[in-house]
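Visitor: Just a sequence and a predicted model for now, questions to come.
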Amino acid sequence: METVQFWFDCTCPFAWVTSRWIKEVEKVRDIRVEFRPMSLSVLNEGRDLPADYLQAMEAAWGPARVAAKIFSQQPEKIDAYYTAMGNLIHGGGEGGKKGSGAYKEVIAKALETAGLPASFAEAAGTTEMDEQLRACHQEAIDLVGDDVGTPVIKLGDTAFFGPVITRVPEGEEAGELFDASLRLARYPYFFELKRSRTESPQVSGRQF
């Protein structure tokens, strides 16, 4: 069985769609997904960005810090936490929050759903897990560079930003996309395919 490492930020809709795809792949290919936290808040520190986006980045610290806490203490539960957060944020209309502490109630609900200690929520409002979070984040950046976002996925010895998809393929279609991604990862000189997006992630209201 092959381990696929997947770095995510709970608040990113693109990471969410890609994560649900790789979970579909688990059903049809002999892989095991290992979720690891990274942070758009860390990635965008010090950048000259619009005020609204900076407020969204301030809000995103909380979910990422809690993810780092879980990854540090109960890594076997990181998948359940991410799924619970994603269902609330991207499937339940709880996304797009702004400002420090904005995801406090969402985090509490997700921890309960995932069967995790409610006390883990305290990490959202402190810097206690920042060193751990930055270390996990840096693992992804070291693999793909800092001119990307989330998600980052490691296939064998190669890692990529993406794949950026807007819908969640299921069954063999999910497997075929994985096969194609894995094939491209075998070429050390392959770096990028890109085109302009014509639609946003199609996940609103859908639960996983």
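Guide: Great, that's in hand.

Visitor: what about the helices in the protein?
Guide: Across the chain, reading from the start of the chain, the helices by DSSP state H fall at 13-28, 40-43, 51-73, 78-89, 104-114, 130-144, 171-185.

Visitor: helices or strands up against the fifth one?
Guide: Packed against helix 104-114 by the contact rule (3 or more C-beta pairs under 8 Å, 6 or more residues apart in numbering; DSSP states H and E) you find helix 51-73, helix 78-89. All C-beta atoms are positioned from the backbone trio N, CA, C, and that covers glycine.

Visitor: would you list those helices in CSV and tack on distance to Asn44?
Guide: CSV is the format used below for these (distance: least, C-beta to C-beta, whole Å):
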stretch, distance to Asn44
helix 51-73, 5
helix 78-89, 18
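
Visitor: Can you add mean pLDDT and mean neighbour count and give those helices back as CSV?
Guide: Compiled in CSV, those are given as follows (pLDDT from 0 to 100; neighbours: other C-beta atoms under 10 Å):
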stretch, mean pLDDT, mean neighbour count
helix 51-73, 96, 21
helix 78-89, 98, 22
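
Visitor: so which of those gets nearest Gly156?
Guide: Relative to Gly156, the nearest member of the helices and strands packed on helix 104-114 by C-beta to C-beta is helix 78-89, separated by 20.8 Å.

Visitor: distance between that closest one and the chain's centre?
Guide: 10 Å (C-alpha atoms, centre = their mean, to the nearest Å).
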